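Student: A structural model of the following input is requested.
(one chain, ligands or ions: 1)
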Amino acid sequence: MQILVLNCGSSSVKYHLFDMQTERDVAGGMVERIGEVGALAMHRWAGGSAREEVAAVGHRVVHGGERFVQAALITPQVEQSIEECAALAPLHNPHHLVGIRAARQFFPQVPHVAVFDTAFHQSMPERAFLYPLPYEFYQEQRIRRYGFHGTSHRYVAGRAARLLGRDQDDFTGITCHLGNGCSLAAIEEGRSVDTSMGLTPLEGLMMGTRSGDIDPAIIFHLAAQEKLTLPQIDQLLNSQSGLLGVSGVSNDLRQVQEAAAEGNHRAELALELYAYRVRKYIGAYLAVLGRAEAVVFTAGVGEHSSQMRRCILEPLASLGLVLDAERNRDGLAGEREISQPSSPIRLLVIPTNEELVIARDTRDILRSRASSSLLRSAHGR
Ligand code: ADP
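Tutor: Sure, this is the predicted structure:
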């Protein structure tokens with residue numbers, strides 16, 4: 001069975017084709033800078049001649065609001081709910097809908113499934129997801145914390161459980177997704193109980209171009225004193241802050257590290273701030289959970305930057321997170337442990353695979369549809 005996974009953004013479309021017998025990603029590619037000069041398309045085909053029909057299409061959808069706690073077969077009602085969530089994710093959901101509608105025209109006979117970035121965090125308790133605003137804003141506007149990167153946190157938590165010799169759904173610890181966007185999740189027995197992103201992906205850690213947590217009064221100050229408009233402040237906090245804003249060099253960690261190595265003080269500061277804020281959240285989530293079996297690092301920075309992992313973790317040895325310099329070294333790939341054998345809390349690097357999770361969720365929905373239609377026909381209905 002082959003499943004197509006689609007990720008449609010504002011200016012790019014990414015796709016992967018999975019052979020679900022082997023769970024191998026047999027083809028994929030992307031179209032970038034859509035609608036701009038220099039638009040680019042790339043396609044990769046792993047070879048093989050057997051060309052099966054696509055059995056189903058899995059779509060990544062950023063915001064599922066409170067309605068979706070897991071993946072859903074796309075029906076007209078589900079499409080409408082995704083549209084209703086667009087107010088919460090105006091930069092994402094409308095583009096996903098365009099992708100869903102186009103794919104349904106192209107593959108009208110097969111089921112389409114939506115897999116939501118927010119769904120995994122719907123298990124957060126009220127004390128974690130509510131903002132201390134007047135309660136009516138939650139009741140009437142659904143202003144609350146949702147969290148993102150859920151597919152990634154779920155995948156690495158499941159793999160961590162396996163590496164620790166447990167069932168996939170039995171992980172208690174902290175997962176750190178450190179890419180261009182960054183978030184941490186506190187996971188108790190396989191369920192997300194807190195995460196650092198909020199109503200939007202702007203809350204929490206310092207990121208490539210996003211500020212993460214700031215005093216909201218800064219916004220009033222910028223409006224009153226600097227006469228910035230709300231769209232300008234939005235742009236400032238989402239696109240001109242974080243690693244880029246502090247360093248003045250780049251949103252790309254590698255370039256900031258290179259500048260710091262050459263003695264650029266702002267680049268050094270940016271790295272220090274970034275590590276400090278991840279460390280603060282790890283400390284907070286140790287307190288939230290009360291215990292942790294492991295802390296997991298994933299995504300571009302988490303998987304590849306031994307230097308950043310060291311900056312984050314070294315001061316935490318006395319709290320039971322004891323990094324092993326040799327195991328943490330650069331140049332290693334794949335799932336691995338980077339703590340010393342005696343470390344009370346284990347430290348793991350696990351490459352994420354959000355596309356595979358989307359393909360698996362899509363397959364599972366396909367199977368449950370097939371078994372319920374079998375049941376119906378067995379009962380003569
Ligand atoms: P996205 O969130 O866009 O999927 P990624 O997960 O690919 O992003 O992460 C991108 C970040 O990972 C960039 O800041 C990049 O500099 C960083 N990164 C990737 N490889 C390395 C590396 N070898 N060393 C340091 N940073 C790296």
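
Student: Please give the number of neighbouring residues around the nearest residue to residue 98 once chain neighbours are set aside.
Tutor: In space, and not counting its chain neighbours, residue 98 is closest to residue 8: 6.4 Å by Cβ to Cβ, 6 or more residues apart in numbering. Quick note: C-beta positions are derived from backbone N, CA and C, even for glycine. For residue 8, the neighbour count with other Cβ atoms under 10 Å is 23.

Student: Can you give me the end-to-end span of stretch 250-266?
Tutor: 11 Å (Cα to Cα, to the nearest Å).

Student: tell me which residues of it are tucked away?
Tutor: 250-253, 256-257, 259-260, 264 (16 or more other Cβ atoms under 10 Å).

Student: Against the ligand - does it have any residue that ends up touching it?
Tutor: Yes: contact of stretch 250-266 with the ligand (Cβ under 6 Å from any ligand atom) involves 252-254.

Student: what's that stretch in contact with?
Tutor: Contact with stretch 250-266 is made by 180, 208-209, 242-244, 246-249, 267-268, 270-271, 274, 300-301, 305, 307-308, as judged by Cβ atoms under 8 Å, 6 or more residues apart in numbering.

Student: Next, the distance between the ends of stretch 117-133.
Tutor: 25 Å.

Student: mean confidence for it?
Tutor: Mean per-residue pLDDT for stretch 117-133: 98.

Student: picking up where we left off before, could you list which of the contacts of stretch 250-266 also contact the ligand?
Tutor: Near the ligand, by the rule Cβ under 6 Å from any ligand atom, you find 180, 208, 300-301, 305 out of the contacts of stretch 250-266.

Student: export the buried residues of stretch 250-266 to JSON lines and tack on pLDDT, secondary structure and distance to residue 236?
Tutor: As requested, those are arranged in JSON lines below (pLDDT from 0 to 100; DSSP: H, G, I helix; E, B strand; the rest coil; distance: Cβ to Cβ, whole Å):
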{"residue": "250", "pLDDT": "96", "secondary structure": "coil", "distance to residue 236": "17"}
{"residue": "251", "pLDDT": "96", "secondary structure": "coil", "distance to residue 236": "14"}
{"residue": "252", "pLDDT": "97", "secondary structure": "coil", "distance to residue 236": "19"}
{"residue": "253", "pLDDT": "97", "secondary structure": "helix", "distance to residue 236": "21"}
{"residue": "256", "pLDDT": "98", "secondary structure": "helix", "distance to residue 236": "19"}
{"residue": "257", "pLDDT": "98", "secondary structure": "helix", "distance to residue 236": "24"}
{"residue": "259", "pLDDT": "98", "secondary structure": "helix", "distance to residue 236": "22"}
{"residue": "260", "pLDDT": "98", "secondary structure": "helix", "distance to residue 236": "23"}
{"residue": "264", "pLDDT": "98", "secondary structure": "coil", "distance to residue 236": "22"}
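
Student: on that earlier part again, for the residue nearest to residue 98, what are its contacts?
Tutor: 59-60, 95-96, 98-100.

Student: ok, 6 Å please
Tutor: 95-96, 99 (Cβ atoms under 6 Å, 6 or more residues apart in numbering).

Student: which SS class is residue 175?
Tutor: Using DSSP: H, G, I helix; E, B strand; the rest coil, the three-state assignment for residue 175 comes out as strand.

Student: Tell me how many other residues surround it.
Tutor: Count around residue 175 with other Cβ under 10 Å applied: 31.

Student: do the same with residue 124
Tutor: 21.

Student: before we move on, what about residue 76?
Tutor: Burial measure for residue 76: 7 neighbouring residues, criterion other Cβ under 10 Å.

Student: can you pull out the helices in this structure?
Tutor: Along the chain, counting by DSSP state H, helices occupy 76-84, 93-106, 126-129, 136-141, 150-163, 217-225, 230-239, 242-247, 253-261, 265-289, 299-304, 306-313, 354-378.

Student: Mind giving me the packing neighbours of the fifth one?
Tutor: Using 3 or more Cβ pairs under 6 Å, 6 or more residues apart in numbering; DSSP states H and E as the contact criterion, the neighbours of helix 150-163 among helices and strands are strand 173-178, strand 294-298, helix 354-378.

Student: Figure out how far the shortest one is from the centre of its chain.
Tutor: Centroid separation between strand 294-298 and its chain, computed with Cα atoms, centre = their mean, to the nearest Å, is 14 Å.

Student: ok, residues contacting that strand?
Tutor: Residues from elsewhere that reach strand 294-298, judged by Cβ under 6 Å, 6+ apart: 156, 160, 173-177, 309, 346-350, 352.

Student: and the residue in the stretch 251-381 of the chain that the ligand sits nearest to, what is it in contact with?
Tutor: Going by Cβ to the nearest ligand atom, the ligand is nearest to residue 300 of the stretch 251-381 of the chain, at 2.1 Å. Residues in contact with residue 300 (Cβ under 6 Å, 6+ apart) are residue 179.

Student: who in this structure is up against the ligand?
Tutor: 179-181, 208, 252-254, 299-301, 304-305.

Student: Try it again at 8 Å.
Tutor: Residues of the chain lying near the ligand by Cβ under 8 Å from any ligand atom: 177-181, 208, 243, 251-257, 299-305, 307-308, 330, 352.

Student: Quick one: low-confidence residue ranges for this protein.
Tutor: Flagging of the chain using pLDDT under 70 yields the residue ranges 48-50, 380-381.

Student: residue closest to the middle of it?
Tutor: residue 149 (1.9 Å; Cα atoms, centre = their mean).
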